[in-house]
Structures are given as structure tokens and as C-alpha cells.
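Enquirer: Sharing a model prediction with you, sequence too.
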Amino acid sequence: MSVDVARSPTTTRAEAPGAPSRPPKEFDRPRFLKLFTGVFFLFLFAPIVLVVLFSFNSSRSLQDFEGFSLRWYEQFFESESLRDSLIASIEIALITMLIATVLGTMLAYGLVRARTRWSDSFNVLMLIPLVTPEIVAGVSALLLFTQVGLELSVTTIVLAHITFSISYVTVVVRARLASLSLEVEEASMDLGATRWQTFRLVTLPALWPAVLAAGLLVFALSFDDFVLSFFTTGESPQPLPVRIWTQIRFGVRPTINAIGSFMLVVSVLSIGLALLIPRLFGRRESGLKVLLGREGA
Amino acid sequence: MSESRFASAFLLPGALWLLLLFVVPVGFVLALSFGYTDDLGEAFYGTRLDNYERVFDPAFVPVLLRSVGFALATVVLCLLIGYPVAYYIAIFGGRWKNVLIALVVLPFFVNYLIRTYAWIAMLGDDGLVNGVLNSDIRFLNTPWAVIGGLVYGFLVFMILPIFAALDRMDPSLIEAGKDLYGSPWQTFRNVTLPHTIQGVLAGSVLVFLPAVGDFVSASMLGGPEEVMVGNLIQQQFLASDNWPFGAALTSVMMLFLLVWMVLYLRAAAREAREAPA
Amino acid sequence: MSENSPAIRFEGVTKRFGDFVAVDSLDLEIKSGEFFSLLGPSGCGKTTTLRMVAGFEQPSEGRIFLEGEPVETVPPYRRNVNTVFQSYALFEHLSIEDNVAFGLKRRKVEKDEIRRRVAEALELVELHGRGGVRPRELSGGQKQRVALARALVNRPSVLLLDEPLGALDLKLRKQMQVELKGIQREVGITFLYVTHDQEEALAMSDRIAVMDRGLIRQCGTPEDIYEHPTEPFVAGFIGVSNLLPGVCENGGVRLAGGAVCEARVPADCTSGAEVQLSVRPEKIAIDEEIGEGMVTVEGTIVERVYVGTSTQVIVELAAGVRLMALEQNWLRARSDDRWEIGDRVKLGWQPEHALVLR
């Protein structure tokens, strides 16, 4: 659908043509949109605020805030089994982050630089996990481990998480890699560096903010993951989201508020770092753009 | 070592992992769907179509239809809510654009379970809303509660692609459109919408796919009348131990979604090829 | 390495990309210490040729020899050549110094010597003292010098330059051309230079190979190429030339429109053969300037263009047959002083300045 609008810049604007951040003045009832967005944010944050607020509630009630207290956090951290779950969640997220980042980065490099007949197929292979519903992922992982005779445990969770994190890393890293000119790598080889040295000394240094951002993204996703973990977890320790599920099934418990708020802080910190780090290292694009890269077109 | 060989060596570990731990297991699921269970509940591979027949049994068809229906409703609602918000932030956000979009994304880093649980806390019979209004309204265990949970759960996947598409648009296109078309609605329909259609499609697929297979919202916010195919599958594998039937359900769902997946991947690949340098 | 072997030798080199032939049976020898240019329009194969010398592409057929040694099995990082890229291709995460030192470090040169040679190289390109700076803080011209220093510091036997001045503005480009030529003379390294700018090639090169669609059309010194093009393509590509289609006719060329010009017809040109008559505008005399022994034609002035240093006078000899003559404006400052559109004029040139090409 072509709109030849671009050929008729008939408007004269007071501001310079390249000033996209000044909102166009006379348009489309911005007041309605503004209101709508405001209400939207209200509904968006209401449950979150509720959870965080009531995590500090001194009573069990979800209706009345009766006073500030840290008892639910105490209960959370004093429970040995919950602590074990927290540690398990962090371990899983860390290992997943490390391995998925390495495999995903290498895969991104291979996809961008290798020119084989299989390149397109590998590309599709890499994209499929991104659009596969988690339940399919969970079921197939469960089936695999059963077939192979692997007992469900933290290990199986890690294996499943890695499988579904690789693609996130590849997408983020590939976007960055595609913008690195091939000529720079050729220059490196021209000057005497082997392909491996070139990767180590030239490509990787230019790539690492994206790699790090992808890694932190994977950490947050793994830490928060429920469905996949649900299908592949063993008896104990179970990662936090699975514990939350069981606790909720058995009735509403205020400790959940504390756990949820704590998890929120951890996730926000990792994502915050993931967004900031590319920026901090002098990249022109914001971290958000690095992450959005290809995803979501 | 030639470049291609070097790069291929890099590609192999990740590709192998995906093949062995993703493609092969999905193959197992497909294979098991033709299997059966014995009296002890043990699952075996076979060549039977019983499970597929059962999937389309009148008892289960409503579940399938409901899943698609809920997912569609979710997509529509996400679109109706998400587009205006994305539009406001992209076009009117100004300096605050990035902050606002970060604020949109932020709640999604609260665990999905917790977020859904928060709605229970708010809308439950003993929840905040009923407490504040001193009422007895039944919010939960209704279809709209489940859809609401789904919308709340996946809204960000609709907003981000649309925001990205709007943000990439040249603002002078809208200006020029206003000149050409006069009314804001016409401008939107003829200029903005076509330019952002890729984002809308991407968002729709990214919401639809997980929504169809979701079981958390239905489980926590709905009752027996709101069971979705995800709940069924989960039950087969983790409760009733009827894995072949679960596999068949999963396969049917997968095949249904495959169509949409392929369309999305094709559109994404096309966009990648046409992407401006 | 024998003293007499050429710096680069191409033997029947062909490069194909699928069905497309980028370079077609190239045979060429580039002498040691030469400033040699590959000149031609986009897509003529000059860059591909350069990349084959560097090692980034492998010939589909034929062999390439560097200093007498064949290089098919030698990867780019082991060839004694270095490249200066059009996009500079500097390492953004390293300082200028580290950029220049990169090649030396790969070869495990001693730290002290690295420092010394890097300083030398930076001085050669007049960037002395800015070693600690990052590439993004430099201008285009400065980045190009860093790229040059980074390549030269390794003392390669051949320096490959791929349209290095393409991204610079005109003034800077002219300045860099002079500098590059000076550096090449000073350092004495063989330069293989790729460009589509014929003025640049003429100004800098010892020899030029004019390429078109994978083939070398003519190879020779700048004067050779300019004054004695052997093909219409070369005549048209180098400088401005009048190319008039015509037919051979005993000792001359009959132009479309009837006029017959006496010209040096090559021996293998039979009567009736279709040829092109090539005359450079600056070699054409108008009216009073016509000297003895010149070949003359007559025509009507249809256009005059004042271009500062000279005036282009466009004369129509017959329908559709036009000639451009160039008159230096050393006698006058206005073009309408002398030439009126519609005037009949006589044009003339020395017979040896008109070439019959096919």
C-alpha cells in the first residue's frame, strides 16, 4: 500500500524538519489520548502498587492497610525452603545466562557471517523458540527428559531455560553484529590477525555491550519464568515462581506479596542494567533499541 | 580457514543445541500423540488415532473453541488498549518517550503469577474492590476475568512492536497527511495505520500465540466453565498422567498455531530484507 | 624474492560470482615501486581485482603472484600486502596509536620498536602527537591518514588503496592526492590504487589500467591513455572527448552528415568500416586560430558554455553531429564577446590529434 504522502511536504513548520521530539500542536484530540493513557497507567500499576504496598502490611488483610511491617519479608527470608528456592532461582538464572549468552552469541556470529545454503533454515530454527508457546516448550522438554531418563531437577530446568534463551541472545546480538562493518574485520585480517584473533580483538570488543544486555535480559527472563520451570522441576528445590504457584493454589498468602515485590526488584535491576549498559559505553542507540532490535518487527 | 568454515564452526554449537533440545523433543511430542496408555497409566508409542479422535470429542471441542475465542478477544482488547497508548507515547511523548515506554514495560517484570494474583487480591470476594465498595460482586470465575488476566499478561507484547513502528515513522508523514486528508481519522486510516501495520501484525501474533496456550489466567481467575486447552494439557501431563492424549492436544494446538507462526516468520523475514540500511 | 620479479603478476585471472563475470582473464604485471591505478566505472571489476590481491576473494581461474610467489594458498593475514579501505575501517575501540600498532603487534615486534615505528608513521601522515585520541574524534581526512599510517607502518611490499579519497570533499581530495603521491615517492612502496575518478588517476599514477566489465581496455602511462586512446570507451572515459561516428573512406572518415575528414586511418580499416573519430576539445582551433596543415570542418554554433577558465563552444556540423571545442578565456572575460549562437564557424585540428577508433 503506497501512500505518496512523502512526496508532498507542503506544510511549513516553525521548527526544524529534524525535530521529531516536538509534538505536533494541532492534532487529534490529544487530551483524549492523554486521559486514556493516564487511566491505562493507573490500571497497569494498580495491582503492582497493591502488591508492593500490602507486602509491608502488618496484617493479613488485603482490604485494609493496618500498619507498616516487615514481617512478611522476614517470613520469606526465614523460611529455609523459600531461601533454597530463591538460591535455586538465582543459580538457574546465572547458569542459563552464561551458557545461553555464549551459545547465542556464537550462533549470531555464524548466522551473520556464514554464507551457506543452510543459513536461512538455521535462521528459522533460531526464530521458532521465540514464537512457540511456553506450554509446548514445557511439555516437549518434559518428554525429552523422561525419554532420556534424566531425573527432573535444577539441571533439567537449566537445560530447558537455556534452550529457550539462546534465541533471545541471538536476536539481540545479531542486530548489533549486522551493524558492524565487514570491512573492519577484513582490515584486521589484512593487518595479520587470524580469524579467531579478529573475533577476539575486534569483533567481540565492539559486540560486548549487546552481549551483556542480552545476558541480563536472559537472567531476568529465567528468574521470572514459570511455565517452563513448572514442567521441568524436580521435588526440591523448586524455583520461586513454582513455589508461588503452589502457595497461591493453597489460598492467598501475604508472604506472596513480599516474594513478588522482592522478585520485582531483582528483575527490574537486571533489566535496568541491560538497558543502561549499552548507553554507558557510548553507543548511539539506547539500550531499549538494542534489545528491541529485530524483535517485534 | 575460509570465512564460511570459520563462521559455520561458530554456528554449530548453538544450532546443535536447538536441534537436540528443541526440535527433537517436539518430534517426540508428535510421535507420542499417536500412542496409548496401559492400565497402569504408562505411556507407549504407537500408531493410533484414538487421541486425536478424543481431542475432537464434543466434550473437548468447546475447550478448544474457547481457547481460540479467549485468545482472539485478548488480541482485540490488547489492540484497542495498546494502540492508543503506543500512539500517545510515540507521537506526544517528546522527551519522556523513553521513560514512558520503560514505565509500560516495568510492570511486566513482576512475575506473571504475581500480577495475576494481584487481580485476585483486588477482585476476589474478599478483595480490595469489594472491601472498598462494601459489595459482593462476583468478578472472578468469569470469562471476562480470564480474558482480563490474559490482556494484562500480554499487553506489553502488543504495545512494544506498535510503539517501535510508530517511533520509526517519519513525523512529517503525518503532517503531510493532515494537509491531504483534513480529518484526523482519515489521516490515521490512510497514513499512520498502513505504516504501522507490520507492528500491529507482530503484536497480534505475539499476543495470540501465548494466549491460546495459557493456563495460568484460566486457572487462577476462572472456574470450570473457563477451562482452556492449556489447562487440559497441563492436567494430562501433571495430574491425570495421560501423556499421549496430552501430546495429541499439544500437537493439535501446535499445528493450529504453526500457520500463524509461519505467517509471522515470513513477514518478519520480508521486513528484515526490506529494512532500510 | 628476486630483484626482477614484478611486485604483482596476474596470470589469466578470472573471478565469477555465480553467472556474473566480475574479472575476465586478467593478465597484468605491476612493477616494483610503481604507482599503478585501476581505473574504471562502477562494476568494472577493479575492486574485485584489488580484493583478490589482498586475499579477501579467491580467483575462480588463473593465478596471482606476489613478488614472484603464488598466493592461492596464502590467507590475507599472511600476505605481505596491506589495504587502505574507502570506509577507513578503523578500530573504534582502540586509540590511534593502538590502531597503527595493530599489525606490528600481531607480528610480535618488540615494544620499543613498535613505539618508534608508530611515531614515525604518524609523523609521515602528519598526525604526530595525536596518538592517544579515538577515531571518532577525528575528521574524515584525518581518519584516512590513520588508515594510511596503519597500513604503511608494516612496510608491506604492496599497498592496496580502494578509492581511499572517495568520501572526502573536493578540496581535501586534491590535497590528499598530492600528499599520497609524495608519500609513495618517499617510501618507495608499490601502490595499487583503485578509483573511478579519471582525473585522480591521471594526476597520481605512473601507469593506469582502464577497466570495463571485467576487462582491461588499455594499459599505459597517463599521457598514453589520454593522448592515444585505443578504444572509444577509453577515449570517452578519460577526459572529455568528441566521439563522432563515421565510416572509413580512403584516407579519411566520412562523418554522418557528409563531411569528410582527413585522418590517420589504421591499416586494418577497410573502406566502409564503421569507426569513431575522436578529437579532444582542447585540440580544436576555431576560425582564425586554424593553422597550416589542419583538417577543417564547418558548422553552426548552437551553444556556448562559460566555465570560468574556458568557454565550451558547441558546434553542429550536421543534424545530430556535434563537436565541442574548448577555448581558453585568456583573451576575454565574456563568452558573448566572440561567439553568437547561429554563427557559422570553421573548426580545425592537427591530423595526428584525431584518432580513428573502433
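Expert: In hand now; what should we look at? Numbers count the residues shown, from 1 in each chain, chains lettered A, B, ... in the order given.
Enquirer: what about the residue most central in space within chain C, which helix or strand?
Expert: Most central in chain C under C-alpha atoms, centre = their mean is C:A201, positioned 3.1 Å from the mean C-alpha point. For C:A201, the host element (DSSP states H and E) is helix C:198-204.
Enquirer: Double-check the residue nearest to the centre of chain C against C:A209; I have them as touching.
Expert: No - applying C-beta atoms under 8 Å, one finds C:A201 not in contact with C:A209, separated by 9.4 Å. The C-beta positions use only the backbone N, C-alpha and C, and glycine is treated the same way.
Enquirer: Output the set of residues of the stretch 101-250 of chain C in proximity to chain A.
Expert: C:102-103, C:106-107, C:150-151, C:154 (C-beta under 8 Å from any C-beta of the partner chain).
Enquirer: change it to 7 Å
Expert: C:102-103, C:106-107, C:154 (C-beta under 7 Å from any C-beta of the partner chain).
Enquirer: which helix in the chain runs the most residues?
Expert: Let's take chain A. When chain A is parsed with DSSP state H, its longest helix is helix A:80-113.
Enquirer: Hmm, no, I was thinking of chain C.
Expert: Counting residues, the longest helix in chain C under DSSP H turns out to be helix C:170-187.
Enquirer: how about the helices in the stretch 1-150 of chain B?
Expert: Here the stretch 1-150 of chain B has its helices, by DSSP state H, counting those that start in this stretch, at B:3-18, B:24-32, B:50-55, B:61-92, B:97-105, B:112-123, B:128-133, B:143-168.
Enquirer: typo on my end, chain C
Expert: Here chain C has its helices, by DSSP H, at C:46-54, C:96-106, C:111-124, C:140-152, C:170-187, C:198-204, C:222-227, C:232-237.
Enquirer: next one: chain A
Expert: Secondary structure of chain A by DSSP H: the helices cover A:30-55, A:71-78, A:80-113, A:119-131, A:134-148, A:154-178, A:182-190, A:195-198, A:204-224, A:227-232, A:240-249, A:255-280, A:287-292.
Enquirer: Any idea which of these gets closest to B:Y87?
Expert: B:Y87 lies closest to helix A:30-55 among the helices of chain A, at 6.6 Å (C-beta to C-beta).
Enquirer: hmm, back to that, kindly reformat the helices of the stretch 1-150 of chain B as a markdown table containing mean neighbour count and mean pLDDT.
Expert: A markdown table is the format used below for the helices of the stretch 1-150 of chain B (neighbours: other C-beta atoms under 10 Å in any protein chain shown; pLDDT from 0 to 100):
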| stretch | mean neighbour count | mean pLDDT |
| --- | --- | --- |
| helix B:3-18 | 19 | 88 |
| helix B:24-32 | 19 | 92 |
| helix B:50-55 | 17 | 86 |
| helix B:61-92 | 20 | 93 |
| helix B:97-105 | 18 | 88 |
| helix B:112-123 | 24 | 84 |
| helix B:128-133 | 15 | 75 |
| helix B:143-168 | 24 | 91 |
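Enquirer: would you list the ones you listed in CSV and tack on distance to chain A?
Expert: Formatted as CSV, these follow (distance: least, C-beta to the nearest C-beta, whole Å):
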stretch, distance to chain A
helix B:3-18, 2
helix B:24-32, 4
helix B:50-55, 14
helix B:61-92, 4
helix B:97-105, 6
helix B:112-123, 3
helix B:128-133, 3
helix B:143-168, 3
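Enquirer: With distance to A:D224 as new columns, can those helices be given to me in a markdown table?
Expert: Formatted as a markdown table, the helices of the stretch 1-150 of chain B follow (distance: least, C-beta to C-beta, whole Å):
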| stretch | distance to A:D224 |
| --- | --- |
| helix B:3-18 | 22 |
| helix B:24-32 | 22 |
| helix B:50-55 | 31 |
| helix B:61-92 | 20 |
| helix B:97-105 | 13 |
| helix B:112-123 | 7 |
| helix B:128-133 | 24 |
| helix B:143-168 | 12 |
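Enquirer: circling back: by contact count, what packs against the longest helix of chain C?
Expert: Under the contact criterion of 3 or more C-beta pairs under 7 Å, 6 or more residues apart in numbering or on different chains; DSSP states H and E, helix C:170-187 touches helix C:140-152, helix C:198-204.
Enquirer: which non-adjacent residue is nearest A:L191?
Expert: C:G103 (3.7 Å; C-beta to C-beta, 6 or more residues apart in numbering or on different chains).
Enquirer: Check what pLDDT residue 26 gets.
Expert: By default, I'm working from chain A. In this model, A:E26 is scored at 47, pLDDT.
Enquirer: Can you look at chain C instead?
Expert: For C:L26, pLDDT reads 94.
Enquirer: Can you verify my assumption that C:A7 contacts C:G68?
Expert: No - the pair C:A7 / C:G68 is not scored as a contact, 9.5 Å apart, by C-beta atoms under 7 Å.
Enquirer: Between these two, which is the more surrounded one?
Expert: C:A7 (24 against 13; other C-beta atoms under 10 Å in any protein chain shown).
Enquirer: Might you report the residue contacts of the closest residue to that one other than its chain neighbours?
Expert: Of all residues not flanking C:A7 in the chain, C:T190 sits nearest, at 4.0 Å (C-beta to C-beta, 6+ apart). When contacts are counted by C-beta atoms under 7 Å, 6 or more residues apart in numbering or on different chains, C:T190 touches C:7, C:30, C:32-34, C:157-158.
Enquirer: Pull out the buried members of the residues you listed.
Expert: Neighbour counting by 16 or more other C-beta atoms under 10 Å in any protein chain shown classes C:7, C:30, C:32, C:34, C:157-158 among those as buried.
Enquirer: Spell out which two among the residues you listed are the most distant pair, please.
Expert: Largest pairwise distance in these, by C-beta to C-beta, is 11.9 Å, between C:E34 and C:S157.
Enquirer: hmm, back to that, what sits against the residue nearest to the centre of chain C?
Expert: C:37, C:39, C:195, C:208.
Enquirer: For it, give its distance to B:W185.
Expert: 60 Å (C-beta to C-beta, to the nearest Å).
Enquirer: and what of C:T311?
Expert: 61 Å.
Enquirer: So between those two, which is more surrounded?
Expert: Counted by other C-beta under 10 Å, C:T311 and B:W185 do not tie: C:T311 has more neighbours, with 21 against 10.
Enquirer: I'd say the more buried one and C:E327 touch.
Expert: Yes - C:T311 lies in contact with C:E327 (C-beta under 7 Å); the separation is 5.0 Å.
Enquirer: Now for B:L155: which residues touch it?
Expert: So B:L155 contacts B:78, B:81-82 (C-beta under 7 Å, 6+ apart).
Enquirer: One more pass at 6 Å, please.
Expert: Contacts for B:L155 (C-beta atoms under 6 Å, 6 or more residues apart in numbering or on different chains) come out as B:78, B:82.
Enquirer: Same question for the one 3 residues further on.
Expert: Counting by C-beta under 6 Å, 6+ apart, B:M158 makes contact with B:78, B:82, B:203, B:207.
Enquirer: could you say which helix or strand contains the last one?
Expert: The one in question is B:V207. helix B:193-213.
Enquirer: Against which helices or strands is that helix packed?
Expert: Packing contacts for helix B:193-213, counted by 3 or more C-beta pairs under 6 Å, 6 or more residues apart in numbering or on different chains; DSSP states H and E, involve helix B:61-92, helix B:143-168, helix B:243-274.
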